[in-house]
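Asker: show me the folded form of this:
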Amino acid sequence: MISPEEAHKVWSRLAQPENTLVLLVAVTGLRISEALGLKWSDIDPKAELIHVRRSWTMDREGKPKSRASRAAVPCVEMLASIWKSGAVSPHMPAIRLGFPVRRNKGKTPRSGSILVTDYLKKAAYEAGC
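Answerer: Sure thing, here's the model as predicted:
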């Protein structure tokens, strides 16, 4: 378990879009598979809601894990402003995925294991956690 201060140190070392993905999971309680399954059309900025309609696991789109998981979750203002800015995905208009893999021009979403192994572990190590 890490303290809030340590969590902030780790988070602040992440670049876009990884820091937004971590923030999204932390403030909404979404499973990583649900966060990775989001499309731009799932965000309702006026109502400040995120509609969970699918998941992305093992390079496959599927249904959220449970009935309760399909409920909309609040989209906090900070997260909504990052999302609206387009900073999360430079390929937003073309593919409508929130967290695509950069190396293939955003045509596929990333996997949760890559987020942990390639980004979070490195940031945690750099933060001394």
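Asker: surely Glu6 touches Ala127?
Answerer: Yes: Glu6 lies in contact with Ala127 (Cβ atoms under 8 Å); the separation is 6.6 Å. Heads up, the C-betas are built off the backbone N, CA and C, glycines and all.
Asker: overlap in contacts of those two?
Answerer: Counting by Cβ atoms under 8 Å, 6 or more residues apart in numbering, Glu6 and Ala127 have no common neighbour.
Asker: who has more neighbours, the two?
Answerer: Between Glu6 and Ala127, Ala127 has the larger neighbour count (other Cβ atoms under 10 Å), namely 17 against 14.
Asker: isn't that one up against Leu14?
Answerer: No: if you go by Cβ under 8 Å, Ala127 and Leu14 don't touch, sitting 10.1 Å apart.
Asker: the residue nearest the centre of the chain: which element?
Answerer: The centroid of the chain falls nearest to Leu21 when counting by Cα atoms, centre = their mean (2.7 Å). Secondary structure here is read from DSSP states H and E; on that basis Leu21 sits in helix 18-28.
Asker: which helix or strand in the protein has the lowest average pLDDT?
Answerer: Lowest mean confidence among the helices and strands of the chain (mean pLDDT, DSSP states H and E): helix 92-95, at a mean of 44.
Asker: all helices for the chain, in order.
Answerer: 4-12, 18-28, 32-36, 77-85, 92-95, 112-114, 121-127 (DSSP state H).
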